[in-house]
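Chemist: no sequence for this one, just the structure:
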């Protein structure tokens, strides 16, 4: 039932891509199937006319016309198929769906396996399902028309062909199931092979691999996994090849018995010579139809597993696109007993966290690696949802907020920000996609992160492509990339600013200047920033300290230093370290 449901779902999706083209494909497939049978009927008439020395030009003309009609129908089908696949269709659905998935879905390997199967040859796969469906329709119509013609001579002939074709159909279905199970089984290995190939071909990883001289080790791992996959594929193919031999025997027997029936009828004057010749040809045609039908249906059966994967992927939960709009006023944030646990993890990343950020307040979030700081930011942005507790934006539960209106009010620099392989202008302009071509605004945003000082020395200025993935691109250092990300945040007309360790790759002097700009740009606005160097907490009105996912203390910088708690220990330990380094 699941496969039938998946087939009906897929047909519906195809129909809505282009109703006219889809119906054209169905009708042309039916015509291609039944027209050869009419040719056989006319061929019988032609042979009879020749045998009795009658005028046969009329029959010959009709046969030629039918042949021309078949050719034209095939041309129409080919053109319709080309136009059908020129449309975005299901490929666009997959890309759109991937961009709208909730981030927590990406925390499970099951989604990656599913995406691997769905996206691996998306155009080829969806085209294969459609062609298998159309070919199956063609085969059914062809079998029906040729069986009717054979049945007019003897009903036992099509019955015989059917009986000997049933084992092959079951064999073909078994082959399709085995092939899908094998491909599903090696999905994890294929993802690992892709990852190893990525390590060996990307700039970020190959330099370290060369220095560590670990290339041979990675290649050996690739070979081992590849051979494992190859072994599984060969095992299935050998098994299927052995089974296929038995069907050749069934095919020979069905044709032989059917021919024997025809010869018996001819010897006993039940049919004439013309009927004998045409029916022999029709038996061969019907047998080929049965073979192609079994092949097409087994192919369709196998492709339906992919359709089920595609349907499962498109049914994944998406981010909210509706809700209460956040007013464009001063932002007030409240975390109320918030806990969060990633899927398939036993331990909570955050536990019973409660705090507030008042309008116009700048809060520094401090904690060692793994304390839960970046997770808290993702929760605040609605990328993740709390496992327990609630987050309120201006008094509205974030679960009820129109997440798009909230994010439109936020400027953010992630710790693992994206390095787009686009121009500098695009990289900054992505901060506010509605105005990304506003070069003057891009320049102003760049000045706030001192990115303009770098751009002014480049020949193509803001049109310089970043990254080495495409021709003509240049590579920035880590600190320079961070200035790009900071400019992107400033490009947006934000009411709330989030910095997640935005200056970790920038020298202390430049960092101090950037935070002076930060203080100016956030006057009267709320902000949350995570920093590595605790000296920058002087720009915060209040500090929140996380430890093992729990909020252990909060207060002003001086209050926490006087309290001699977690923040005080971290602060003086860091100050002592920097002091020793300065002495050296």
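Modeler: Looks like it arrived, so ask away. Keep in mind it's a predicted model, so treat the numbers as computed, not measured. Numbers count the residues shown, from 1 in each chain.
Chemist: what number of residues lie near residue 576?
Modeler: For residue 576, the count of nearby residues is 10 (other CB atoms under 10 Å). Using the backbone N, CA and C atoms, a C-beta is placed for each residue, glycine as well.
Chemist: So what does the closest residue to residue 323 other than its chain neighbours have for phi and psi?
Modeler: In this structure, residue 323 finds its nearest non-sequential neighbour in residue 402, 3.9 Å apart by CB to CB, 6 or more residues apart in numbering. Dihedral angles of residue 402 (phi, psi; degrees, to the nearest 10) stand at phi -70, psi 100.
Chemist: now residue 361
Modeler: Residue 361 adopts backbone torsions of phi -90, psi 140, taken as degrees, to the nearest 10.
Chemist: For burial, what's the neighbour tally of the residue nearest to residue 323?
Modeler: Residue 402 has 17 nearby residues by other CB under 10 Å.
Chemist: Can you list the low-confidence ranges for the stretch 451-584 of the chain?
Modeler: Residue ranges of the stretch 451-584 of the chain with pLDDT under 70: 503-507, 577-584.
Chemist: again, but for the stretch 51-200 of the chain
Modeler: Scanning the stretch 51-200 of the chain for pLDDT under 70 picks out the ranges 51-60, 62-63, 66, 84-92, 103-105, 107, 120-126.
Chemist: Try it again at 80.
Modeler: For the stretch 51-200 of the chain, the stretches with pLDDT under 80 are 51-132, 161-180, 184, 198-200.
Chemist: now the helices: where do they sit in it?
Modeler: 57-86, 89-100, 109-119, 122-151, 156-185, 187-201 (DSSP state H, counting those that start in this stretch).
Chemist: that older thread, was I right to think the residue nearest to residue 323 contacts residue 320?
Modeler: Yes. Under the criterion of CB atoms under 8 Å, residue 402 lies in contact with residue 320, with a separation of 7.3 Å.
Chemist: coming back round to it: just list the residues touching the residue nearest to residue 323, thanks.
Modeler: Counting by CB atoms under 8 Å, 6 or more residues apart in numbering, residue 402 makes contact with 320, 321, 322, 323, 324, 325, 326.
Chemist: now those in TSV, with neighbour count?
Modeler: What follows is those, written out as TSV (neighbours: other CB atoms under 10 Å):
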residue	neighbour count
320	16
321	9
322	9
323	18
324	14
325	12
326	23
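Chemist: got a markdown table for these, with secondary structure and distance to residue 137 too?
Modeler: Putting those into a markdown table (DSSP: H, G, I helix; E, B strand; the rest coil; distance: CB to CB, whole Å) gives the following:
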| residue | secondary structure | distance to residue 137 |
| --- | --- | --- |
| 320 | coil | 41 |
| 321 | coil | 38 |
| 322 | coil | 40 |
| 323 | coil | 45 |
| 324 | strand | 49 |
| 325 | coil | 49 |
| 326 | coil | 52 |
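Chemist: picking up where we left off before, of all the helices of the stretch 51-200 of the chain, which one comes closest to residue 517?
Modeler: Taking CB to CB, helix 89-100 is the member of the helices of the stretch 51-200 of the chain nearest to residue 517, at 32.1 Å.
Chemist: and the contacts of residue 402, which two are the farthest apart?
Modeler: For the contacts of residue 402, the maximum inter-member distance is 14.4 Å, found between 321 and 326 (CB to CB).
Chemist: Now residue 401: phi and psi?
Modeler: Per degrees, to the nearest 10, the backbone of residue 401 is at phi -90, psi 140.
Chemist: Apologies, that question was intended for residue 418.
Modeler: According to degrees, to the nearest 10, the main-chain angles of residue 418 amount to phi -80, psi 130.
Chemist: Tell me the one of the contacts of residue 402 nearest residue 81?
Modeler: Nearest to residue 81 among those is residue 321, at 34.3 Å by CB to CB.
Chemist: What's the local residue count around the residue found closest to residue 158 once you drop the neighbours it is linked to in the chain?
Modeler: Spatial nearest neighbour of residue 158, chain neighbours left out: residue 147 (3.9 Å); criterion: CB to CB, 6+ apart. Using other CB under 10 Å, residue 147 has 21 other residues around it.
Chemist: Relative to residue 295, how far out is residue 147?
Modeler: To residue 295, residue 147 is 18 Å away according to CB to CB, to the nearest Å.
Chemist: Can you classify residue 337 by secondary structure?
Modeler: Secondary structure state of residue 337, per DSSP: H, G, I helix; E, B strand; the rest coil, is strand.
Chemist: Next one, pLDDT for residue 238 please.
Modeler: Residue 238 carries a pLDDT value of 80.
Chemist: Now do it: how many residues are near it, please.
Modeler: Using other CB under 10 Å, residue 238 is surrounded by 9 other residues.
Chemist: Please identify the helix or strand for it.
Modeler: Using DSSP states H and E, residue 238 falls within helix 215-267.
Chemist: next SSE after that helix?
Modeler: With elements assigned by DSSP H and E, the helix or strand that comes after helix 215-267 is helix 273-314.
Chemist: helices and strands around that next one, which ones?
Modeler: helix 2-17, helix 19-51, helix 89-100, helix 109-119, helix 122-151, helix 156-185, helix 215-267 (3 or more CB pairs under 8 Å, 6 or more residues apart in numbering; DSSP states H and E).
Chemist: could I get the ones you listed as JSON lines with distance to residue 512?
Modeler: Listed next are these as JSON lines, based on distance: least, CB to CB, whole Å:
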{"stretch": "helix 2-17", "distance to residue 512": "56"}
{"stretch": "helix 19-51", "distance to residue 512": "63"}
{"stretch": "helix 89-100", "distance to residue 512": "38"}
{"stretch": "helix 109-119", "distance to residue 512": "41"}
{"stretch": "helix 122-151", "distance to residue 512": "49"}
{"stretch": "helix 156-185", "distance to residue 512": "55"}
{"stretch": "helix 215-267", "distance to residue 512": "42"}
